[in-house]
Each structure stands twice: as C-alpha cells, then as structure tokens.
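> Got a predicted structure here, sequence first:
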Amino acid sequence: MTMNVERCSWANPANPRYLAYHDTEWGVPCHDERTLFEMLNLEGAQAGLSWETILNKRDTYRTAFDGWDAQKIAAYGPEKVASLLADPGIVRNRLKVAAAITNAQAYLRLLEEGQTLDGFLWAYVDNQPIVNHFQPGEFPAKTDLSDRLSKDLARRGFKFVGSTIIYAYMQGIGMIDDHAPTCFCRTGR
C-alpha cells in the first residue's frame, strides 16, 4: 500500500484493507475466472450495504463459499444453505445466498457453452478498459453499457446483477477505470 499519495475520495484511510483494495484491485483489469466469479457474487451481496462492509467480510466469504469453487457452490443443498445463513461472517440474506448458488449454476452453463466469464465480460469493452474522464460528483451509478451487460447476465440466469451492481462490478474488475483524475492509480495520469 502506498502512503502519502492522493487517492479517490471514497478510499477510507482508516481501513488498511480498503486502501489496499483501492490501490491494488479497483480499476485494475482482472482476467482470473475465479476472481471474476467471486467479485460478481460479492457485488451482489453488497446490494443495499457498503462495499467496505463486504470487503471486511471477504475472507470469511471465501471460506464459507469453498474458495468460490463454482462446481461446489452449484451443488449446495439445504444443509449448506442453513450453515451459510447461520454464519455471522457473511451477509445472512437468504436471497443473496441463493443467488450465489444460482450464479454458480449459470456460470457453469456459460462454460458448457464454450465461453469463459472473462471472454464474455471483456467482449463488451473490446478487451480494453474504458477510461472515463468524470470529475468528482459526475460519476454515474449506471450506464447504457452496464444496462446491456446486466440484461445479458440476467437473461443467462444470473441473479443480483442489476445495472447499478454491474457498473460497480465493471469498475471493480477494471473494465472501467473511474479513478479520480488526481488519484495516483489513474490510468494515463
């Protein structure tokens, strides 16, 4: 983690985990299948909560959801669901837990079709991150692109993939670079 540099205003300087996420992950292009799947589910779990809350629970999520192994998650039954709903280290919301299972099944179907999540997602930006030039206060909650990707994911059976969630997901996995113009992480700064 880099100290004494200018960052995006949302990066909480009191939380080292949050700063590390901002400095090393957010806006950095990700092509790792498991991480893409993890982040999709974590962004969905974040709905109605702060990202910092989810980030603070991320390690527990990884353990609870078997390292985000989609094969294992797709096969979760009632006992595992009950165990997850009793785990205080994750967001214990029945719909969000069910969404992770449904998303694992949808992800496996995508693979069966001969696609990867990486290839599917990054095709939406011609395999190049979009570097936006918004000023503070101008950042959108969603865009036409996030609308299209959201609809496509939903059509394929994914859950908790509304346009606002997907815009945040695209930022998190580096499809979009929305770092503030003065942030040291900004592409092309």
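Structure's in. What do you need?
> The residue most central in space within the chain: which element?
Among the residues of the chain, residue 39 comes closest to the average C-alpha position under C-alpha atoms, centre = their mean, at 3.1 Å. Using DSSP states H and E, residue 39 maps to helix 33-46.
> From the chain's centroid, how far away is that helix?
Between the centre of helix 33-46 and the centre of its chain there are 4 Å (C-alpha atoms, centre = their mean, to the nearest Å).
> quick check: mean pLDDT across that helix?
The average pLDDT within helix 33-46 is 98.
> And stretch 159-176, by the same measure?
98.
> now for the helix holding residue 39, which elements pack on it?
Contact here means 3 or more C-beta pairs under 8 Å, 6 or more residues apart in numbering; DSSP states H and E; on that basis helix 33-46 packs against helix 51-64, helix 94-112, helix 117-122, helix 163-172. From N, CA and C alone the C-beta is placed, and that goes for glycine too.
> Format those as CSV; extra columns: mean neighbour count.
Shown next, in CSV, are the helices and strands packed on helix 33-46 (neighbours: other C-beta atoms under 10 Å):
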stretch, mean neighbour count
helix 51-64, 16
helix 94-112, 19
helix 117-122, 19
helix 163-172, 22
